[in-house]
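A.B. asks: Have a look; sequence and predicted model below, questions after that.
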Amino acid sequence: MSEAIFLSVRGIRKSFGPVKVLHGVDLDLPSGSVTALLGENGAGKSTLVRILAGDHHPDNGSIVIDGSPVAFRTVAQSRGAGIRLIAQEIADAPTLTVAENIALGSLPNRMGFVDFRAMRDMAQGALDALGADLPLDAPVSKLRLGERQIVEIARATVGASRCLIFDEPTAALSDAETKRLFSLIERMRERGATILYITHRLDEVFAIADRVCVLRDGRVSMDAKVDEVDQPAVVAAMVGRPVAAHQDHHAYVDSGASKLVAVKGLTSDSFSNVDVDVAPGEIVGLYGKVGSGVPELAGAIFGAVPYTGGKVEVAGENVSFRHPGEAIARGIGFLPADRASEGLLRTRTVAENLSAPSWRRLARGLFISRAAESRAFTQWHKDLKVRSRPDGSEKILTLSGGNQQKVLLGRWLEAGSRLLLLVEPTRGVDVGARQEIYHVLRDLARQGHGILIASSDYEDITEAATRAVVMVRGRVVAHLPQEEISTARLTEAAGGGVNA
Amino acid sequence: MPDQVQTTAVESPAATFGARARMKAPEWAALLVFLLAEIAFFTVNSPYFLSWPNIVNIVTALAITGILAAGGTILLIAGQFDLSVGSGTAFVALMFALAAQSLGILPATGVAILVGMGIGMLNGFLVTVVGVNALITTLGTLAIFRGLTLSIGGASSVRVTGFDWAIARPFFDIPLSALLFLVIAIAVAVVLSRTVFGRTIYAIGANENAARLVGIRTKKTLFLAFVISGLCMAVTGLVSASQLGSTSGTTGLGLELAVVTAIILGGTSLKGGTGSMFGTVLGLLIVGVLNNGMTLMNINSTWQQVAAGTLLILAVSFDQVRQRFIRS
């Protein structure tokens, strides 16, 4: 392992509007080494790598490559310096073929005309290096998710790439594909390439990385050689000091009340043979990282995502919802993971957004008035501490993320739902509003609501859950009673999983 | 369409209210100002322009476009299109005329309503059940029903006798066709702003995914919206047959463009989720007044098309610039 520094980052700061994401990050990436980059959601990992890829521009700080400072204005400039980012979300051209996708961005040509033979050779070479056998002429839309990820990785390796950045590459890969990826990374390192590898899986860190760097709240909280640290030390660096004890605490006491929902052997593309149930007064934390099937499971219970096997019982009765409307009628509420694309009625008012599931009840005959919607909102405005006008007459998009989330939660209180399925309830929510949401959830549980939190954020589970269920790659791998829920236990269970 | 401003960041209350005041005023105020400017201009240039008979003329000339635009507004707010309205009108009128010859007026009216509903159901089925994009579906049915009208009706026009109710003038010298337009416009305005159905239309246009997840039967609602558009075609087919006393293959040619122009001019976003019937009426009047005034000033009708097209592009460009201004 050579000690020459290929890429060096000093004092990088980045804010999006009022939100500070990176507060001065320093990082050195030596040639011929693999650096694992860890950190919880929102720690700033993706922002940092997007800056390196020229996709975002830092507010402050410098990037030095091979000893000379650079300032990337575009992705093309970063590529020109030999940096390739394999992003977490697949960003391929679905209608183009495997070969075309791999050559995209460095398409071989003769006087402006594509050299198809050279393109196929290039693609085949890249796939061979990965030990992958994919049809060069098939459109990538026909491939499995994991295979598309392989195509993305192959694309990053062609041309003059000197630094590869992987953003959680194995989430969609099978175990065999993961092994082949690791051996590719091994060979790239031996050739002197610089690798930055973002992951949530601690076992992967110790399997392939030379160095480990942990980001917490936009700062580097650990930067060390892998053989100098152990797993608990890495976890400690990720989660920081223990979270301050909260003033209120809700413990579930089993009163023998019948379950609000019981799921037995539920199976689909995203999860298999899952059993989980929720009783009144209980907050069940369903914890899992990307690819765990956790959000899909919540959607399946609600009738929003189809499932292929198993059964769902609501209040002891077998149900099979074909439409969310049927689940709502049975007293179930659902908070989707992506507020913008699945939750908000973006052009409408706050009051309308809150009352949407209850329009029929609030109406007199066919007619509904703004006043009825406002009354419905005003009633929850205080309980939920929504920072808005008391009548909710402003547009929903003028509120901050946390307040939008409270309105979407309020929807189901107004609708009288007894079982709440909350997917990523605090995603994109600032720290203060986060605590308020936990507080509301504990209150709701005390009042007899049953809550299922489906989340990839350990804090949701440690703060609010009365018991936890951990999923990895579509399967339940651990059950934790309340007294055993800790960030360390969760991270360990979700990180170790089937590989451990 | 200021509602599309996409700010999720925390704003200070003062900034929020400032932006809102800036946003709120121009939504339809700008349209109203433009309409008044038009009216002032033509009043100065033509002494006849602001007379009662001419005002009635303007509204009467808008009746058919306006009735179709009422159904079209519901659809576009929900994020959908109906381009088949012009040829649908012609097909309904032809079916009515043929049925009237053999069955009499009253049964033929029933036939017209069924045919209109049928066209709406066909569009709705293709869009919501089969899943074809609305633009493509109704472009297809536009061609189909124009073609059917021409093949069945032949080259000459089909006469309709004893069916001249639309030109009767029961109140204030206003023809029934114009009154019918006003009634339908008010009804649609009330449906959109005051009923649960109206709320679900806005919700679907704002975010179809989110609407489904709050329990709205999005497909059923959209199907119904297409059927309403079909019913509007039934009404305009009858109005057209009554106004002209006949129908032919060129009936309602190009209406779909006039309808879409008025709706978009009236502030309904192509992306759905915003807009109102009031805005559509303003859009209709802006185009109607322009055409009427230019006719009074003896400007060739071909230039009226140029003016309407220019106006549409200017209005939408203005809106884009305004949105960018608000966002920054």
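C.D. replies: That came through fine. Since the structure is predicted, the reported quantities are computational estimates derived from the model, not experimental observations.

A.B. asks: C-alpha from now on. contacts and neighbour counts both.
C.D. replies: Noted.

A.B. asks: for the stretch 51-200 of chain A, which spans come out with low pLDDT?
C.D. replies: Counting by pLDDT under 70, the ranges of the stretch 51-200 of chain A that qualify are A:171-172, A:174-175.

A.B. asks: ranges for the strands of it?
C.D. replies: For the stretch 51-200 of chain A, the strands defined by DSSP state E, counting those that start in this stretch occupy A:60-65, A:68-70, A:83-86, A:109-110, A:113-114, A:163-167, A:194-198.

A.B. asks: Start from the N-terminal end of the stretch 101-250 of chain B and give the strands.
C.D. replies: Under DSSP E, counting those that start in this stretch, the stretch 101-250 of chain B gives strands at B:158-159, B:246-247.

A.B. asks: and the last one, how far out from the chain's middle?
C.D. replies: The one in question is strand B:246-247. The gap between the average C-alpha position of strand B:246-247 and the chain average comes to 22 Å, counting by C-alpha atoms, centre = their mean, to the nearest Å.

A.B. asks: Direction included, what does it pair up with?
C.D. replies: strand B:158-159 (antiparallel) (DSSP bridges).

A.B. asks: quick check: mean pLDDT across the strand it pairs with?
C.D. replies: Mean per-residue pLDDT for strand B:158-159: 86.

A.B. asks: Same check on stretch A:228-240?
C.D. replies: Mean pLDDT, computed over stretch A:228-240, is 81.

A.B. asks: What's the local residue count around the nearest residue to A:R322 once chain neighbours are set aside?
C.D. replies: Nearest in space to A:R322, with sequence neighbours left out and distances taken as C-alpha to C-alpha, 6 or more residues apart in numbering or on different chains, is A:G303 at 5.5 Å. By other C-alpha atoms under 10 Å in any protein chain shown, the residues close to A:G303 number 20.

A.B. asks: what sits against the residue lying closest to B:T109 once chain neighbours are set aside?
C.D. replies: Closest residue to B:T109 apart from its sequence neighbours, by C-alpha to C-alpha, 6+ apart: B:F96 at 6.4 Å. By C-alpha atoms under 8 Å, 6 or more residues apart in numbering or on different chains, the contact set of B:F96 is B:108-109, B:111-112, B:238.

A.B. asks: how far away is the residue nearest to the spatial centre of chain A from A:M471?
C.D. replies: Per C-alpha atoms, centre = their mean, the C-alpha nearest to the average position across chain A is that of A:V290, at 5.5 Å. Using C-alpha to C-alpha, to the nearest Å, one gets 10 Å for the distance from A:V290 to A:M471.

A.B. asks: Retrieve the pLDDT associated with the residue of the stretch 201-328 of chain B found nearest chain A.
C.D. replies: For the stretch 201-328 of chain B and chain A, the shortest gap (C-alpha to the nearest C-alpha) falls at B:G215, measuring 3.7 Å. Looking at B:G215, its pLDDT reads 93.

A.B. asks: Could you tell me how many residues sit around it?
C.D. replies: Using other C-alpha under 10 Å: B:G215 sits among 20 other residues.

A.B. asks: tell me the phi and psi of it?
C.D. replies: Reported as degrees, to the nearest 10, the phi and psi values for B:G215 are phi 90, psi 10.

A.B. asks: Assign the nearest residue to it once chain neighbours are set aside to helix, strand or coil.
C.D. replies: Distance criterion C-alpha to C-alpha, 6+ apart; nearest residue to B:G215, sequence neighbours excluded, is A:G325 at 3.7 Å. Judged by DSSP: H, G, I helix; E, B strand; the rest coil, the three-state class of A:G325 is helix.
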